[in-house]
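A.B. asks: generate coordinates for the sequence data below:
(chains A and B)
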Amino acid sequence: MSKPSDLIQGTLDLLILKILALEPLHGWAIGQRLRQVSTEILQVSDGSLYPALHKLEQEGWIKSEWKPSENNRKAKFYSLTRPGRRKLEKEAAQWDRLSGAITQVLRLEQG
Amino acid sequence: MRWIYKLRLRLRSVFRRGACERELSAEIDDHLARQTEQNAVRGMPAEEARFAALRALDGVELRKEECRDRRGTGWLDRLMQDLRYALRTLRRKPGFTLAAILSLALGIGANTAVFSVMNTLLLTKLPVRDPDGLYQLIATRRTGSSNSVSYANFQKLQSGLNLFQGVAIWNDNDWQFESDQTRTIVHGSLASGSFYDVLGVRPALGRLFTNDDDQAGGASVAVLGYGFWQRQYSGDPGVIGKTIRIEGSQFTVIGVTQEGFGGAEINYPRDITLPVHALKRLVPSDMMLENPGSYAFSALVRLRPGVSVAAAQSVLGQMWPRLEEGEAPMAYDNWKPKLQIVPGASGVSGARSEFSQALIVVMALVGIVLLMMCANLASLLLARALGRRKEMAVRLAMGAGRWRLIRQSLTEALLLAACGGAAALALAKFLTQALLLFVPASGFLSFRLDARMLLFASAVSLAAALLFGSIPAFQSVRVPLSVAMNEAGRSAGLGRRSPLTRAIVVLQVAVSMVLVIGSLLFVCSLQNLSNASLGFNRAGLYLMDVNMQRAGIHGPQTVLLSRRIQDELNSTPGIAAASLMRIPPLSGGIWWDSAVVPGHTLATDESTTVFLNQVAPGYFRTLEIPVLQGREFTIADDRGSPRVAIINRSFARHFFEGRNPVGTVINLGYGIAFANNPRYAAFRNMLIVGVVADSKYASSRESQKDLIYLASYQTGQDLANTFVVRMTPGSGAGAAAIRAVANRLAAGADLNIRPYTAVFERTMQTDRMVAALSAIFGLAGILLACVGLYGTMAQSVAARTGEIGIRMTLGAHAGEVQKMVLRDALGLLAVGAMAGLALSFAAVRLTQGMLFNTRPSDPRVLTGSLLVMGLVGLVAAWLPARRASKIDPMTSLRHD
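C.D. replies: This is a model prediction of the structure:
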């Protein structure tokens, strides 16, 4: 199993951060939300999700807590930290600029 | 802010590994459960739902591993891993671990302890201004070298020569002290007026005395030591001007010395110091200042600025003989006295001179043990490395990095070193205390563990551990896997008889042999000393000092009272005999003169030095020294009768060469030198009335001296004032009987009664210390050698398992195999023992003068050491030999 390329990894991180910005979720729910929101276009495999989550937690962008979930089972809920929030804003802005630039280039007409 | 989260997480993953793992599993399980549920809801059958969830994860363990990877293994993680692994491995081999730690502890701990004691004893400088500017004077006289001078010497040195900025002298003694509140005994000192100035001491309170205070007729001031001031007066500044009584005479306190200064002798702090001339008020009859032969003072000097030590030494070389001999001319032989200047920054110390040689020997012993420890560590680690070769190869094959393996070995070595270091610290503390038991009056010095030595020894052992711990790692990473895995390959040549290991074991055995021989030598020497004939019977003897002054008895009364006490003692049941003497045998006191014997022609360079004592009638009977010719002193030998003397056999042989000494009149040098002085009449025209057997004078090790005894009741002053009493054997009487008599006749006097054996034991203190220590080191050496030998043998047997299996298949018995192993071990042992023996002969030079009547070639020592080493070899090789004989050929050949 090869590791996901840096670009995809970075994007996955950004997506996770964004999802958690809305509300704290446990790992499975994050995966579900990702599929929902991107209407199944973003096929994030379950396998790559958890390593990404652990990496983000290790870096300090998100923190975890074991809380009872909707079915009263305990689950590991992730939430955004303050530095994580700032990172999200920065990365989101970066992404906007990048995608804007790419869109500009792609819009170039021939001639 | 992020770092807080990061740190917390990292610490958690390091220290609560189990919890983290469980959490990870729980998280994955939770995910699987939910996904399975969802799949089931979507219509999959239960099992299918679960498999689908698992497939989605695509390898649970792999994902977990990825999570762990993402968590990041920082250096802390790796270190913790290494440490945990190292701990596990060490615990699995408790024998090896204990042996290694023990070696380290012994090596580092013993070294540190000895260095600490040595350092403090020999090198601590006096807490004065510019201690390096102080010098000691070592005078070589007929009796040997010492740092004692007479008062006349002092006067000449101070004023006669232009060398010294100042000369300080002092004489220590214990006095009776009385203040308003208390009566106690204090440690006192008589010091010259120049004392404080020369040493460079400041007062903490008041002032310190000067030359003006040290004048005949004056000298009524006293200076207190800082410690004494705190203890006795609780630091009360009002002590200045107070009157105190010393030995009944009044003195005024004028000052207190600075904190930390206790006198010129580092481990004997003085409570009260008086000017030298105060002696006349304390003991009017004491002739210490006037008597040119009374070398009662210790001295320290400062050179005049601009005068170098070499210059001073050469001036002294010329002037000193004239000065010395001017006082007591010995025109009867050609011997010249010398005066040497040596550094005196550490002040003067009796303990130092007594123990310095002993401590150097002990240091050598400890150095040897350090060497052994390194050798032991080396062999232990090497042996282990060979055993782990297969393991290393496998790990390499499975993808472990070379550096990772090396780092792990290093971590293990570090862990060992750390544990060993901790054990060493504890051992060092303990050993220091043990050593100090043998150093007298050491309570005043603070014996701190010498940090430098600790660091040095730790560095050495760390280096050794790292070096020998990493060699296996370096070695193993070079060995191809196939070779390492191949059993046959292992036996064939890669380290079966690793010459390095065997060489180390031989070295260990050799060194251990040296230690064993050394300790046997010292123990034998001690025994010889204990049993040495002193020339008299020391069993059942007691000594008694009676201080009559404190009972108000002075002058001629003391003589009469002494006689009465002696008579009374002689008629007390339980007491066989009693007498008096001036110098108790082996007490260290020395009184010498030069003999002038008519009819004896002097050879060039012949010494006429004889040693004196003054004894009362019955002395020889009390000590059970046989009278060979003539008679003992009697009460008839008193002031009115002709002066008599008794000589010992050595004196008779030296000066009379077969003639009969009894009846000859001889003279002593002092008597001739001061022919006109009535005070020295006692040393003129003495009639020899008896010859007694030889006995020891100042030390049990000395070669026999020529002794001459004077009759105590014939001189003007009664100097024979120590009683010697022999108890009737089997009577059960003891000191109490003596005390009863003394108390009855001299009520109020201070008594000091002690058994003679105490005095005798005191002379052997150093020897006892060295013997005990060398025995300990000998034992340590044996243990280390035993462990080393065992390790090598075990490893050798293990490596030769295949070979042994083959031999047994071909018909060798268990007994033959055992013999083979034992032969191997004894071979190593023999080589080592021979080497050790050779080393001992060389090394015995170090102990020159310390050994008494014993040499390495002493049969007791030789047989003892060979026996011990043989036993060591057998014990060490027995277990591996047994194991070898128990090898089942089938399993060994199949063994993989």
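A.B. asks: shouldn't B:Gly540 be in contact with B:Gly732?
C.D. replies: No: using Cβ atoms under 8 Å, B:Gly540 makes no contact with B:Gly732, being 11.2 Å away. All C-beta atoms are positioned from the backbone trio N, CA, C, and that covers glycine.
A.B. asks: which of those two has more neighbours?
C.D. replies: B:Gly540 (20 against 9; other Cβ atoms under 10 Å in any protein chain shown).
A.B. asks: mind checking the backbone torsions on that one?
C.D. replies: The phi/psi pair for B:Gly540 (degrees, to the nearest 10) reads phi 80, psi 20.
A.B. asks: contacts only, for it.
C.D. replies: By Cβ atoms under 8 Å, 6 or more residues apart in numbering or on different chains, B:Gly540 lies in contact with B:576, B:726-729.
A.B. asks: give me the pLDDT value at it.
C.D. replies: On pLDDT, B:Gly540 comes in at 88.
A.B. asks: likewise the one 10 residues further on?
C.D. replies: Note on B:Arg550: pLDDT of 66.
A.B. asks: from what I can see B:Val198 touches B:Trp170, true?
C.D. replies: No: look at B:Val198 against B:Trp170 with Cβ under 8 Å: they stay out of range, at 10.5 Å.
A.B. asks: tell me the confidence at B:Phe468?
C.D. replies: Per-residue confidence at B:Phe468 stands at 69 (pLDDT).
A.B. asks: among B:Val198 and B:Trp170, which residue is more densely surrounded?
C.D. replies: Neighbour count, other Cβ under 10 Å: between B:Val198 and B:Trp170, B:Val198 has more, with 25 against 22.
A.B. asks: what does chain A put close to chain B?
C.D. replies: A:1, A:26-28, A:45-47, A:50-52, A:54-55, A:57-61, A:63, A:66, A:73-76, A:81-83 (Cβ under 8 Å from any Cβ of the partner chain).
A.B. asks: select only the buried ones of these in PyMOL?
C.D. replies: Selection of buried members from the residues of chain A next to chain B for PyMOL, criterion 16 or more other Cβ atoms under 10 Å in any protein chain shown:
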select buried, chain A and resi 26+27+28+46+47+50+51+52+54+55+57+58+59+60+61+63+75+76+81+83
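A.B. asks: taking the residues of chain A next to chain B one by one, which sit in helices?
C.D. replies: A:27-28, A:46-47, A:50-52, A:54-55, A:57-59, A:82-83 (DSSP state H).
A.B. asks: which two of the residues you listed have the greatest separation?
C.D. replies: Greatest spacing in those, by Cβ to Cβ: A:Gly47 and A:Arg82 (29.7 Å).
A.B. asks: contact partners for B:Glu47?
C.D. replies: No contacts exist for B:Glu47 under Cβ under 8 Å, 6+ apart.
A.B. asks: quick one, the helix or strand harbouring it and helix A:46-59 angle?
C.D. replies: According to DSSP states H and E, B:Glu47 maps onto helix B:46-57. Interaxial angle, helix B:46-57 versus helix A:46-59 (axes from the mean of the first three to the mean of the last three Cα atoms, to 10 degrees): 50 degrees.
A.B. asks: for helix B:46-57, buried residues please.
C.D. replies: Per 16+ other Cβ under 10 Å, helix B:46-57 contains these buried residues: B:49-50, B:52-53, B:57.
A.B. asks: what about chain A: which of the residues you listed touch it?
C.D. replies: B:Leu57.
A.B. asks: what residues are up against the residue sitting nearest the centre point of chain A?
C.D. replies: Closest to where the C-alpha atoms of chain A average out (Cα atoms, centre = their mean) is A:Ile16, at 1.8 Å. If you count contacts by Cβ under 8 Å, 6+ apart, A:Ile16 has them with A:30, A:34, A:49, A:52-53, A:56, A:62.
A.B. asks: residues in contact with stretch B:196-216?
C.D. replies: Taking Cβ under 8 Å, 6+ apart as the rule, stretch B:196-216 contacts B:126, B:128-131, B:134, B:165-168, B:192-195, B:218-219, B:221, B:223, B:226, B:229, B:237, B:239-240, B:253-259, B:261, B:264, B:273, B:275-277, B:280, B:300-302.
A.B. asks: start and end of that stretch, how far apart?
C.D. replies: Distance across stretch B:196-216, first residue to last, is 19 Å (Cα to Cα, to the nearest Å).
A.B. asks: okay but B:Val167 is in contact with B:Phe154, surely?
C.D. replies: Yes: with contact defined as Cβ under 8 Å, B:Val167 reaches B:Phe154; the gap is 6.0 Å.
A.B. asks: name the residues contacting each of these two.
C.D. replies: Contacts common to B:Val167 and B:Phe154, judged by Cβ under 8 Å, 6+ apart, are B:192, B:299.
A.B. asks: the more surrounded of those two?
C.D. replies: Set B:Val167 next to B:Phe154 and count neighbours by other Cβ under 10 Å: B:Val167 wins out with 25 against 20.
A.B. asks: still on that earlier bit, kindly reformat the buried residues of helix B:46-57 as TSV containing distance to B:Val868 and pLDDT.
C.D. replies: Output for the buried residues of helix B:46-57, formatted as TSV (distance: Cβ to Cβ, whole Å; pLDDT from 0 to 100):
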residue	distance to B:Val868	pLDDT
B:Ala49	78	86
B:Arg50	73	87
B:Ala52	77	86
B:Ala53	73	85
B:Leu57	69	82
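A.B. asks: since that was my last question, I'll sign off now.
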